[in-house]
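Participant: okay, structure incoming, though there's no sequence with it:
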């Protein structure tokens, strides 16, 4: 269009100049130059029509055109209707040249998202609000309507801060709108931190866990309110409160415990996420006592990569993925090192947990972003989790916590690298993560078979031993009484173990079974302690005094009963686990049994050392009671052997609890299940007098007669008993 006007102006200039110069103008200066004007006009119109039929720029009329009423005429020429209208003008019904309104006659060539704007002698295209063409809102159109199109102005990209702080800009066709960023709420057209409105005032007296969680969340109030005069609270103090919340966690039913654990992880993540949105800075907070930590990283959406490094965690994520559709990228995590006991027993969805068991070998890490929707990430997050425990298995899994199932899941996570210190995983979503180690399935049919056969043999031998101790006249005494009750304790414990150890589906019954096992196995060690004490008294006392039966029963059965009662009162949920009716490892409850066992073994070792020392002193000197000393020596040897049998068994038990390798597990199983056989061999088959009685019994059975005892033996025993009534040994 501009070319048209340039051409037209040039032609008009030539026309005027030609009319003003007679020497160069072939026309007379006095006559009307009608032919010349028409000729020049036709030439101008033909030239202009080849470029555009539209008049775009606003044109100032020449003086002669004004005089000629918008018609092309010469200088000082009078109006003549025969003159043509200037471009952009046309004759109306009265024959006058008036401006052509192209916008009204639909002759304009303005395209999409534009409007027509009429000008003197032409028109322009004007972009609709929120649109532009080549950074202009008005432009001269071309003949091609498809090219006369305006495009949307992306206000959000042109001015990232157009919505203000804590808001997200959303571009629309010709406009935009703003919403509050994640973690903020629109209150009176202002985006304020959401955690201000999460402080619940509802009572929670009937829900202790919810009450503790609510109290912890409310401690974030000073960070959220931002009101002068609020008490200052440091994040480190809040971490200590967090650890107290975890340590005071209620260990109830597995389903309820895991559900509350999932709630705890989710709520703590939301609370710290609100803190990250408030801070919007890269910071690190660590509780040096428990090494629980909070790591925050902030940057712009185009900063490349966000990274975090905790005590045993490293996390990397693309900043654009972290930012989403916001300008600020936030990445944060909470690293727990003291929460694995709360999540103990959680299933792995992709595995059969009834036949496999798992152990957490890394910290639990809750990872979050500033944005809300992290179920599917544009790019995977890379996490390196270092081991917190010795790893004995090659079967490791990167797992995430499933809130819906209250279980671990490998979905969305891939193990990409492993070394001696930890593993690296790539995950396509965010939640709480950890490393699970598949424990070897040592509870195989072979172990079950060994246990059943061993306990059956042990029970049979213990019954024989009890019968022997009750009816064998030649060995009756205080030590025989102790041996009898030792065998009774082991017999009852083994029977209950064989029948009820796997009754974990019946919670009440399982607790009763675990309590009885705790009691009777402690009784066996208490009777072993009493045997050592009896040996020492036999050696060092001048008179033949023995422990009285009522004291024996009080210590042998009373002490375990007191220990079990106190243990059950302190932590009743410690009796019975998810798989077995035995003492739980949670909160170290197993030490309610292992602690007394250790003390008894150590005390007995001390007693036997003193006994051997005293015995060696007396044996080395001339002593008229050499026979008695030899007998005590024999009894000491057998008692030491018994201590070794019972003590070594639970020594393997200690190793099994700390390092569940096949050797320790099988050794513990074999030695435990065959304790009855060992006691029967040690105190019955290896005893000369018992073997003689067995021989008499067998002969009597073969001849259908009662056993006959030698007169000398009976007379000797009678004489001894009559001579020392004070030293008489108590029978069963």
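Facilitator: That came through, no problem. Being a predicted model, the structure only gives us computed values, none of them experimental.
Participant: quick one: mean pLDDT over stretch 500-511.
Facilitator: Stretch 500-511 shows a mean pLDDT of 86.
Participant: quick one, what contacts the residue positioned nearest the centre of the chain?
Facilitator: The centroid of the chain falls nearest to residue 432 when counting by C-alpha atoms, centre = their mean (2.8 Å). By C-beta atoms under 8 Å, 6 or more residues apart in numbering, the contact set of residue 432 is 265, 269, 364-367, 400-401. No exception for glycine: its C-beta is placed from N, CA and C like everyone else's.
Participant: of those residues, which belong to strands?
Facilitator: Per DSSP state E, strands hold the following members of these: 364-367, 400-401.
Participant: buried ones among those residues?
Facilitator: Neighbour-count burial within the ones in strands among the contacts of residue 432 applies to 364-367, 400-401; the criterion is 16 or more other C-beta atoms under 10 Å.
Participant: save these as a markdown table, and put in pLDDT and distance to residue 394 too.
Facilitator: Output for those, formatted as a markdown table (pLDDT from 0 to 100; distance: C-beta to C-beta, whole Å):
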| residue | pLDDT | distance to residue 394 |
| --- | --- | --- |
| 364 | 93 | 22 |
| 365 | 94 | 23 |
| 366 | 93 | 27 |
| 367 | 94 | 26 |
| 400 | 93 | 21 |
| 401 | 92 | 24 |
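Participant: returning to what we had before: out of the ones in strands among the contacts of residue 432, the closest to residue 533 would be?
Facilitator: Nearest to residue 533 among the ones in strands among the contacts of residue 432, counting by C-beta to C-beta, is residue 364 at 48.7 Å.
Participant: wait, the closest one sits on residue 435?
Facilitator: No. Contact criterion C-beta atoms under 8 Å: residue 364 and residue 435 do not qualify, at 9.6 Å.
Participant: I'd assumed residue 434 was in contact with residue 359.
Facilitator: No. The pair formed by residue 359 and residue 434 falls short of the contact definition of C-beta under 8 Å, at 10.4 Å.
Participant: between these two, who's got more neighbours?
Facilitator: residue 434 (23 against 16; other C-beta atoms under 10 Å).
Participant: what segments of the stretch 401-550 of the chain are strands?
Facilitator: 407-409, 413-418, 422-427, 432-439 (DSSP state E, counting those that start in this stretch).
Participant: so what strands line up beside the third one?
Facilitator: Based on DSSP bridges, the strands next to strand 422-427 in the sheet, each with its direction, are strand 381-386 (antiparallel), strand 413-418 (antiparallel).
Participant: looking at those strands, which one is packed in the most?
Facilitator: Among the strands paired with strand 422-427, the stretch with the highest mean neighbour count (mean count of other C-beta atoms under 10 Å) is strand 381-386, at a mean of 22.
Participant: which residues sit against that one?
Facilitator: 312-317, 321, 362-363, 365, 367, 398, 416, 421-427, 430, 433-435.
Participant: give me the number of residues near residue 688?
Facilitator: Residues near residue 688, counting by other C-beta under 10 Å, number 9.
Participant: hang on, the earlier thing: pick out whichever of the buried ones among the ones in strands among the contacts of residue 432 sits closest to residue 118.
Facilitator: residue 367 (61.5 Å).
Participant: thinking that closest one is in contact with residue 431, fair?
Facilitator: Yes. Using C-beta under 8 Å, residue 367 is in contact with residue 431, at 7.4 Å.
Participant: endpoint to endpoint, stretch 349-361 covers what distance?
Facilitator: By C-alpha to C-alpha, to the nearest Å, the extent of stretch 349-361 from end to end equals 18 Å.
Participant: pLDDT of that stretch, averaged?
Facilitator: Averaging pLDDT along stretch 349-361 yields 71.
Participant: ok, stretch 601-611 next?
Facilitator: Mean pLDDT, stretch 601-611: 79.
Participant: over to stretch 436-448?
Facilitator: Averaging pLDDT along stretch 436-448 yields 67.
Participant: stretch 307-326 now?
Facilitator: Throughout stretch 307-326, pLDDT has a mean value of 88.
Participant: which one among the ones in strands among the contacts of residue 432 gets closest to residue 526?
Facilitator: Residue 526 lies nearest to residue 364 out of the ones in strands among the contacts of residue 432, by C-beta to C-beta, at 41.1 Å.
Participant: which residues does the closest one contact?
Facilitator: 265, 335-336, 339-340, 343, 401, 432-434.
Participant: 6 Å - rerun?
Facilitator: Neighbouring residues of residue 364 by C-beta atoms under 6 Å, 6 or more residues apart in numbering: 336, 339, 432, 434.
Participant: which members of the contacts of residue 432 are the farthest-apart pair?
Facilitator: 269 and 400 (12.6 Å).
Participant: any idea how many residues pack against residue 243?
Facilitator: By other C-beta under 10 Å, the residues close to residue 243 number 19.
Participant: please disregard the earlier target; I meant residue 690.
Facilitator: When neighbours are counted by other C-beta under 10 Å, residue 690 comes out with 18.
Participant: check residue 260 too.
Facilitator: The burial count for residue 260: 19, using other C-beta under 10 Å.
Participant: surely it is within a helix?
Facilitator: Yes. Assessed by DSSP: H, G, I helix; E, B strand; the rest coil, residue 260 belongs to a helix.
Participant: shaky segments in the stretch 201-350 of the chain?
Facilitator: Scanning the stretch 201-350 of the chain for pLDDT under 70 picks out 201-209, 219-234, 248-252, 290.
Participant: could I get the full set of strands for it?
Facilitator: Along the stretch 201-350 of the chain, counting by DSSP E, counting those that start in this stretch, strands occupy 283-286, 293-300, 305-309, 313-318, 328-336.
Participant: may I have the strands that pair with the first one, each with its orientation?
Facilitator: Counting by DSSP bridges, the strands paired with strand 283-286 are strand 293-300 (antiparallel).
Participant: buried residues, the partner strand. List them.
Facilitator: For strand 293-300, the neighbour count (16+ other C-beta under 10 Å) marks 293-299 as buried.
Participant: quick one: contacts of that strand?
Facilitator: The set of residues external to strand 293-300 that reach it, using C-beta under 6 Å, 6+ apart, is 272, 276, 280-286, 306, 308, 310-311, 319, 329-335.
Participant: kindly report the same for stretch 519-526.
Facilitator: Looking at what lies outside stretch 519-526 - C-beta under 6 Å, 6+ apart - the contacts are 486, 489-490, 492-493, 555-557, 559-560, 564, 596-597, 600.
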